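Trainee: here are the coordinates; sequence isn't available:
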């Protein structure tokens, strides 16, 4: 039988078997990895995992019909496969093998807000100087299955790997970062998110600080200088990092914005200081939260020894991400309205930041705000607390979605024209009667509210 060597392929059957302790039924080569049968493409490895709601083994035939070249299974099948005791553990083992063989500079990204945006901006910044040699997590694959999947997908010859890591319970990041083993780890920001699972915001900071526990020897920790939790994060990093770098707007940050000028386009011209050196660049995405993201990105680029000038050019060209700041013009019978798509997620901090962006737009300000989930006992206070940034943003019409928005509806009574509805379908019905040409519309809420469907119905994003 001819042995398949496949030096340029992502994985060979023999390598998968060696990494996982499994048994290969045949020789095969794969160029990608997937555990969702709907995402399987030609020459992919399909990892058939058993979950609480479904069993990937039921979709093996579908995966191969879509072009899969091999599978990891815990039950024998009639297709080329590697048989293991536990498919999920095998995926973790494959991720560890990918990390072990890689010579890439690995960067881990976490935070309560901004981590996906910063990850994408960091990818763009590094890719500008090393086109085609940068690997990153796709979508928001940042949990106990998504992180190993992203690692297992990393090409052999990648020069940089950027991995987003998320959590909603203490201890989760500690486990993920020990698989990723970053050379550089950054926390974008700390804010009230998943507070139903934490005693207070300090506990969230402690959980985010777990990312530093996996740093490689000589590694660098990057923390937000302006955060009230800065010292807590620095203390978490100190036992694991050779160097701690801070970024922010305030004097004293290692990477600091010493000048910011909002341009007519909505972008921001920034002059950043790195010790004795300065870099001027334009941040394409509007808002000071994006300036903070950019500083975190540049701190990572500098730590990685990549080209800061090219990184600045990439930030100037950075487009909005679907669900996280993408903009488009919605067609109306008599004209158009600007839609700002922030539909993917929401917490009190990100709500304030994006409302501040809405304030800068011309036209009537309409805010379509979905409830913020996983906020625990303080949920009512957090929602009512959005009244102040809504008023500060000169919002003229607030369309509130979800039961948890009731305290905010009450807080806005008599101050802003408000409509409160139960779900995304009702929100779309109301919005169609509200929108007028020249409006600027912010759509933001926790992902589970489903406001992405509202965005799609207006002509943007995907359902």
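Mentor: Good, I have the coordinates. As the structure is a computational prediction, the values presented were derived from the model and not from experiment.
Trainee: so what's the most centrally placed residue in the chain closest to, chain neighbours aside?
Mentor: Against the mean C-alpha coordinate of the chain, by C-alpha atoms, centre = their mean, the closest residue is residue 116 at 1.9 Å. Setting aside the residues directly before and after it, residue 116 is nearest to residue 140 in space (C-beta to C-beta, 6 or more residues apart in numbering), at 5.4 Å. Bear in mind the C-beta positions are built from the backbone N, C-alpha and C, glycine included.
Trainee: so the one you found sits against residue 166, correct?
Mentor: Yes. Residue 140 lies in contact with residue 166 (C-beta atoms under 8 Å); the separation is 7.2 Å.
Trainee: residues touching residue 172, list them.
Mentor: Going by C-beta atoms under 8 Å, 6 or more residues apart in numbering, residue 172 touches 143-144, 166, 207, 210.
Trainee: again with residue 261
Mentor: Taking C-beta under 8 Å, 6+ apart, one finds 268-269 in contact with residue 261.
Trainee: looks to me like it is in a strand.
Mentor: Yes. Judged by DSSP: H, G, I helix; E, B strand; the rest coil, residue 261 forms part of a strand.
Trainee: quick check: it vs residue 281, distance?
Mentor: Separation of residue 261 from residue 281 (C-beta to C-beta, to the nearest Å): 12 Å.
Trainee: which neighbours do those two share?
Mentor: residue 269.
Trainee: number of nearby residues for residue 34?
Mentor: Residues contacting residue 34 under the criterion other C-beta atoms under 10 Å number 21.
Trainee: do residue 159 as well
Mentor: Neighbours of residue 159 (other C-beta under 10 Å): 19.
Trainee: residue 306 versus that one, what's the distance?
Mentor: 9 Å.
Trainee: which neighbours do those two share?
Mentor: Joint contacts of residue 159 and residue 306 (C-beta under 8 Å, 6+ apart) are residue 130.
Trainee: just to revisit the earlier point, neighbour count: residue 140 and residue 166, which is higher?
Mentor: Neighbour count, other C-beta under 10 Å: between residue 140 and residue 166, residue 166 has more, with 24 against 17.
Trainee: got a list of what the more buried one touches?
Mentor: Neighbours of residue 166 in contact, by C-beta under 8 Å, 6+ apart: 110, 115, 140, 142-143, 172-173.
Trainee: quick one, helices of the stretch 301-450 of the chain?
Mentor: 308-316, 348-359, 379-384, 387-392, 406-412, 424-434 (DSSP state H, counting those that start in this stretch).
Trainee: show me what the longest one is packed against.
Mentor: Think helix 348-359. helix 288-303, strand 335-342, strand 365-370, helix 387-392, strand 440-444 (3 or more C-beta pairs under 8 Å, 6 or more residues apart in numbering; DSSP states H and E).
Trainee: these: which one's closest to residue 378?
Mentor: Evaluated with C-beta to C-beta, these place helix 387-392 nearest to residue 378, the distance being 15.4 Å.
Trainee: next, the buried residues of that closest one.
Mentor: With burial defined by 16 or more other C-beta atoms under 10 Å, the residues of helix 387-392 counted as buried are 387, 389-390.
Trainee: and the protein, what are its domains?
Mentor: 11-87, 102-316, 326-457 (automatic domain parsing).
Trainee: what pLDDT, on average, does stretch 60-70 get?
Mentor: Stretch 60-70 shows a mean pLDDT of 97 in the predicted model.
Trainee: which residues does the closest residue to residue 56 other than its chain neighbours contact?
Mentor: Excluding the flanking residues, the one nearest residue 56 by C-beta to C-beta, 6+ apart is residue 48, at 3.6 Å. Shown in contact with residue 48 (C-beta under 8 Å, 6+ apart): 35, 55-57, 59-60, 63, 71-75, 77, 87.
Trainee: can you tell me which of the residues you listed are buried?
Mentor: Buried members of the contacts of residue 48, counted by 16+ other C-beta under 10 Å: 35, 56-57, 59-60, 63, 71-74, 87.
Trainee: got the buried residues for stretch 19-30?
Mentor: Buried, per 16+ other C-beta under 10 Å, within stretch 19-30: 19-20, 22, 24-25, 27-30.
Trainee: in helices, which of the residues you listed fall?
Mentor: 19-20 (DSSP state H).
Trainee: can you tell me which of the buried residues of stretch 19-30 is nearest residue 123?
Mentor: Closest to residue 123, out of all of the buried residues of stretch 19-30 and judged by C-beta to C-beta, is residue 30, at 22.9 Å.
Trainee: beta-bridge partners for that closest one, please?
Mentor: Taking DSSP bridges as the rule, residue 30 bridges to residue 11.
Trainee: please enumerate the helices of the stretch 1-150 of the chain.
Mentor: Using DSSP H, counting those that start in this stretch, helices in the stretch 1-150 of the chain cover 13-20, 60-65, 87-101, 115-129, 146-152.
Trainee: counting by contacts, list what the first one packs against.
Mentor: What that stands for is helix 13-20. Identification of packing neighbours for helix 13-20 by 3+ C-beta pairs under 8 Å, 6+ apart yields strand 23-24, strand 70-73, strand 81-83, helix 87-101.
Trainee: same question, the fourth one
Mentor: Contacts defined by 3+ C-beta pairs under 8 Å, 6+ apart place helix 115-129 against strand 105-110, strand 134-136, strand 160-164, helix 288-303, helix 308-316.
Trainee: circling back: by pLDDT, give me the weakest of the contacts of residue 166.
Mentor: Where pLDDT dips furthest among the contacts of residue 166: residue 140, at 73.
Trainee: list the contacts of that one.
Mentor: 116, 146, 164, 166, 344.
Trainee: looking at those residues, which two lie furthest apart in space?
Mentor: Greatest spatial distance among these (C-beta to C-beta): 146 and 344, at 14.8 Å.
Trainee: more neighbours: those two, which one.
Mentor: Legend: neighbour count by other C-beta under 10 Å for residue 146 and residue 344, higher for residue 344 (24 against 20).
Trainee: quick revisit: and the residue nearest to the centre of the chain, how far is that from residue 323?
Mentor: Per C-beta to C-beta, residue 116 is found 9 Å from residue 323.
Trainee: can you list residues touching both of the two?
Mentor: Common neighbours of residue 116 and residue 323 (C-beta under 8 Å, 6+ apart) are residue 344.
Trainee: where are the low-confidence patches of this structure?
Mentor: Across the chain, residues meeting the criterion (pLDDT under 70) sit at 1-7, 192-197, 461-463.
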